[in-house]
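A.B. asks: Model the structure of this input:
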Amino acid sequence: MTGITVRRAKDSEYRHLADIWMRAWQSAGLAHPNDLGFDALLDLFSNEAEHVWDLHVADLDGELAGFLALKREERKIDQLFVAPEVQGNGVGLYLLNIGKQILPEGLWLRTAEQNHNALRFYERNGFMFQRREARPEYDRFDIVLKWSP
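C.D. replies: Residues are numbered from 1 along each chain as shown. The predicted structure is shown next:
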């Protein structure tokens, strides 16, 4: 491996990034994100990327490996996903640290309660449990975590 670089996403990459989102979600043993098929997920991704997110991609040795979607006004990590085949190579930590650099006064996120690997990852990297939140629209509970410097 030559390394990880992070840069702004290009709209031509949305399809690939939506694929990473779906595959990473499925690899965690969860249903499709928001219970959407791929085309609906791609539409959602494109809309959020164009109008809501501050979107960054991780490039690992010339390949897209993951992405970080921030909602700066809310000081929130809205999405952070790493392609399953490169998980464990530091991509997620690199993206997380970019989020901390962009929002150094603190940030928060939510993740599915059943996503145990994500919960452990965030807690190992300084995020603290805030609350358990019902998400009836997805028929699940989420855990809200916060990081403060």
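
A.B. asks: can you count the residues close to the spatially closest residue to residue 83 that is not a sequence neighbour?
C.D. replies: Leaving aside its sequence neighbours, residue 83 sits nearest to residue 20 (C-beta to C-beta, 6 or more residues apart in numbering; 4.8 Å). Yep, even glycine has a C-beta here, placed from its N, CA and C like the rest. By the criterion of other C-beta atoms under 10 Å, residue 20 has 22 neighbours.

A.B. asks: May I ask you to confirm that residue 20 is in contact with residue 67?
C.D. replies: Yes: at 6.6 Å, residue 20 and residue 67 qualify as touching, with contact defined as C-beta atoms under 8 Å.

A.B. asks: could you pull out the helices for the chain?
C.D. replies: Along the chain, counting by DSSP state H, helices occupy 14-27, 38-51, 91-102, 116-124.

A.B. asks: Now for the closest residue in space to residue 108 that isn't next to it in sequence: which residues touch it?
C.D. replies: Distances taken as C-beta to C-beta, 6+ apart place residue 146 nearest to residue 108, at 4.4 Å, with adjacent residues excluded. Listed by C-beta atoms under 8 Å, 6 or more residues apart in numbering, the contact partners of residue 146 are 106-108, 127-128, 130.

A.B. asks: what bridges to residue 146?
C.D. replies: Counting by DSSP bridges, residue 146 forms beta bridges with residue 108, residue 128.

A.B. asks: mind showing which ranges of the chain have poor pLDDT?
C.D. replies: Residue ranges of the chain with pLDDT under 70: 1-2, 31-36.

A.B. asks: Check the gap between the residue nearest to residue 108 and residue 122 for me.
C.D. replies: Separation of residue 146 from residue 122 (C-beta to C-beta, to the nearest Å): 10 Å.

A.B. asks: of the helices of the chain, which approaches residue 63 most closely?
C.D. replies: Among the helices of the chain, the nearest to residue 63 by C-beta to C-beta is helix 14-27 (9.4 Å).

A.B. asks: Quick one: list the elements packing against the closest one.
C.D. replies: If you count contacts as 3 or more C-beta pairs under 8 Å, 6 or more residues apart in numbering; DSSP states H and E, helix 14-27 packs onto helix 38-51, strand 63-71, strand 76-82.

A.B. asks: who's in contact with the shortest one?
C.D. replies: Counting by C-beta under 8 Å, 6+ apart, the neighbours of strand 76-82 from elsewhere in the structure are 20-21, 24-25, 48, 52-53, 58, 65-71, 91-92, 95-96, 99, 107-109.
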